[in-house]
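Chemist: Here is my input; please provide its structure:
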Amino acid sequence: MQPYTGALPADNLTAQTAQEETVADYGRWDDARNLLILLAGCALVLLLVPPQHEYPIIDDWIYASAVRDMHATGAFTLPPMSQANLIGQALWGLAWVNLLGFSFTTLTFSTLALALVALLSFYAIARTVGVPPWGALLGAGLLAVNPLFLHLSYSFMTDVPFLAFVLAACYCYIRGLKGNNLAWLLAGSLLAGGSYLIRQFGILVPVPFVLYLAVESLRTRRMLWREAVAAVAIPVLAFFGWYMWAHDKPPNAAQMQAAGQQADFMFKDPWLRTAGLRALSVLPLMGFFAWAAVRLKRRWWWLAPAWLVVVIWGMYALDLPNETWLPPTEAPFFAQIGSLSVQFPFEVYTFGIYGNILRVGGIDFFEYDQQAIWSPEAWHLVWLVGVGLGVLLLAKMTAVLFPWFKAKAQGEPLKPLSAFYLLGFLTFVASVALPGAFFDRYGLGFLPFLILFVVRGSKSWSKWAWRYSVAAFALLALFSVLLKADSVSHDNARWQAGQWVYQRSGGLHGGYDWDNWVGGRNDAYQIADKPLDGYRIEKTFPYTSLLSGFATRYVYAQTHSDLPPLP
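Modeler: Residues are numbered from 1 along each chain as shown. The predicted structure is shown next:
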């Protein structure tokens, strides 16, 4: 047992973690260069896909209304459709609005600023736990060009601001734990409290780091109570402050709906099965970040087929009862690969069919609104590749856990990185097992933890591993930027069509965002991505779909056939 020396124990270097080095092991020019590259890359994306827009995206009209009302009245009111705590993000948006005036463009720039904070924090975390500069840059780049992260950064949704506060808090916590520095722990506590004031799940952020301190207190036989108090004080104050503000207010419509969904879902018969199906549905998303981390030592080769058996069993053993909150409307799915036909009985991960990216962009794979970009067979082939890589990633994670538990059982001290990974696990569980409804964007919260797991081994990558990783990064970046460009083009056309109809009819059904932000819903006039039965096309609004080979697509302004034409 090591005596306590007034600082948290230093990390023991093992064969598996020998690559963990400090920032000082590299010249600071390496980090400065990489940060410049990261900033230049973000600027390039903004030039290619300008963020200016004056219409809501997904559900951000809910959160924008809170900022608008605060700007007008000086008081915060939780919007009727907000499940999130929101006040922290509303204050952030209000600061931007006070400087630049209220607009969706202003609020989008406020999110983009926090997106940059998230990327810089993630880079700093990677460097602090010993990832070499190029590996940390690749990790930050993978997060930046993830289609979920990129799409949500162009909105005032809570996902990216929440992630920014979480990653910044984790960086401060890790710095504080590695150096036994109360100031860093307090900074992490402040940021964790801020994350709770955006989303309720922020209360989880300090938990793994306090558990780390508890384990270290037992191991060193000295209570680290000052560090624990510093780490948790502000989130606790934020929790009780929010409770005091909200406890005497009746729940709003969104909170009652969410509570009803959870009451019908949690701890009921389909709950664990549905959580398992959700975990399987994000397996391809996990797999596409496997890169060179899938390399297994020879003695662990059996883990890959073992996990494959578990996944295949899960696909067919976990059925979809009617009570489930996974949308089952398109199941079963079929993939035709040559002469091989494979049936999948659950919803595949599709970058947004039910989760706000492709559907909002009007470029769905399964022809919900218009002609698909790819055939279902081609997309399912991509999906199968993702599942295969995901299985390998699960095998790699399992292979790491066995020696980790053995080392801890032999008395090796924990590392702050262990707390970070535990937070990733808690985030995963909270994302897939707790919500009454599940969307692809819920997967964004645990992606940084997966990416860090992958790039931690980058120091030992071969040239071929680096070539593969850079090529995969380039393909992901190309896909995400083109996808976002298509989404912007489609939204511009859709809102032009809505304004054209609105000026002539005074009301229309233009989509969930239009109906709730503009108002005046009238189903006799519709905006859609395909001709509707019983409606007459009044005017078409073209846009270019880059992912479809620069094909021209259309948004249709339509009037019910029983009504006279619009003037």
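Chemist: Compute the distance between the residue nearest to V205 when sequence neighbours are not counted and A233, please.
Modeler: Using C-beta to C-beta, 6 or more residues apart in numbering and skipping the chain neighbours, the partner closest in space to V205 is A192 (4.1 Å). C-beta here means a position set from N, CA and C on the backbone, and glycine is covered the same way. Applying C-beta to C-beta, to the nearest Å, the value for A192 to A233 is 10 Å.
Chemist: neighbour-wise, which of those two wins?
Modeler: When A192 and A233 are compared on other C-beta atoms under 10 Å, the one with more neighbours turns out to be A192, at 30 against 17.
Chemist: I'd say the more buried one and P206 touch.
Modeler: Yes - with contact defined as C-beta atoms under 8 Å, A192 counts as touching P206 (5.0 Å).
Chemist: what do those two both touch?
Modeler: Here A192 and P206 share the contacting residues A169, Y173, P235, scored by C-beta atoms under 8 Å, 6 or more residues apart in numbering.
Chemist: Return the member of these nearest to D491.
Modeler: Using C-beta to C-beta, A169 comes nearest to D491 of the shared contacts of A192 and P206, at 32.6 Å.
Chemist: residues in contact with the closest one?
Modeler: Here A169 is in contact with G188, S189, L191, A192, G194, S195, V205, P206 (C-beta under 8 Å, 6+ apart).
Chemist: For it, pull up the helix or strand it's in.
Modeler: Per DSSP states H and E, A169 falls inside helix 159-179.
Chemist: Any buried residues in that helix, and which?
Modeler: Using 16 or more other C-beta atoms under 10 Å as the test for burial, helix 159-179 gives 159-178.
Chemist: Could you do stretch 267-286 as well?
Modeler: In stretch 267-286, counting by 16+ other C-beta under 10 Å, buried: 270-271, 273-286.
Chemist: tell me which of the residues you listed is nearest to G534?
Modeler: Minimum distance to G534 across those is 34.7 Å, recorded for S281 (C-beta to C-beta).
Chemist: Kindly provide the distance from that closest one to V391.
Modeler: Noted for S281: a distance of 14 Å to V391, by C-beta to C-beta.
Chemist: next one: the helix or strand hosting Y468 to chain centre, how far?
Modeler: Using DSSP H and E, Y468 falls within helix 463-505. Offset of helix 463-505 from its chain centre (C-alpha atoms, centre = their mean, to the nearest Å): 17 Å.
Chemist: From the contact counts, what lies against that helix?
Modeler: With contacts defined as 3 or more C-beta pairs under 8 Å, 6 or more residues apart in numbering; DSSP states H and E, the packing partners of helix 463-505 are helix 28-48, helix 133-144, helix 147-153, helix 358-361, helix 512-517, strand 525-528, strand 535-545, strand 551-560.
Chemist: just checking, what packs against the third one?
Modeler: Read it as helix 147-153. If you count contacts as 3+ C-beta pairs under 8 Å, 6+ apart, helix 147-153 packs onto helix 104-128, helix 159-179, helix 463-505.
Chemist: Select, out of these, the one closest to C42.
Modeler: helix 104-128 (6.3 Å).
Chemist: Would you pull up how far the closest one lies from the middle of the chain?
Modeler: How far helix 104-128 lies from its chain's middle: 13 Å, per C-alpha atoms, centre = their mean.
Chemist: Many thanks, have a good one.
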